[in-house]
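K.L.:
can't give you the sequence, but here's the structure:
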């Protein structure tokens, strides 16, 4: 589309308890630390933790996300939790990814995860709400989609709390640890907000 962005802006998305910031090479080490300390927790529902074994692996992922942002076809933001009542820097809690941006259809997919010690506090829900508003208002998108394993009740709850509507089940959508898992498909439209 001729009026669609040529690049995802590299500016923080500010929320009440969460700041979203595009990830860059200096974030590789702290992101790897979050992954490494939550490896078993993340591997329950995600296929990639086993292959993410070093800071260099994370740096390579960040580099690919940076290229996607430069081409406006996706981006990865770190989810940083603001400290409560403290002057310390926000803590990297996880990531939220806007992927597969389809400029012609003004649609994209969203995925997210948090390190285990950051779960249960509403951070992923706030991050998803922030990114959704940003995607509609600043990027001009019309539709966002989320796919979550039927076995991942926590991720499905985040999508629902953020206003996403369940559309259906995608049978044997993803292969995790040698078996296929069904996924629930959710969507949010700009007019839903």
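P.N.:
Okay, I see it. As the structure is a prediction and not an experimental result, all values here were calculated from the model.
K.L.:
to the chain's geometric centre, what's the distance from stretch 97-111?
P.N.:
Its chain's C-alpha centre and that of stretch 97-111 lie 12 Å apart, by CA atoms, centre = their mean, to the nearest Å.
K.L.:
Please disregard the earlier target; I meant stretch 60-69.
P.N.:
On CA atoms, centre = their mean, the centre of stretch 60-69 falls 14 Å from the chain's centre.
K.L.:
Quick check: chain neighbours aside, which residue is closest to the most centrally placed residue in the chain?
P.N.:
Nearest to the geometric centre of the chain sits residue 96, at 1.8 Å (CA atoms, centre = their mean). Once flanking residues are discounted, residue 96 sits nearest to residue 112: 4.2 Å by CB to CB, 6 or more residues apart in numbering. Where C-beta positions appear, they are placed from N, C-alpha and C, glycine not excepted.
K.L.:
On the three-state scheme, the one you found is what?
P.N.:
Judged by DSSP: H, G, I helix; E, B strand; the rest coil, the three-state class of residue 112 is strand.
K.L.:
and it, how far is that from residue 191?
P.N.:
Distance, residue 112 to residue 191, using CB to CB, to the nearest Å: 23 Å.
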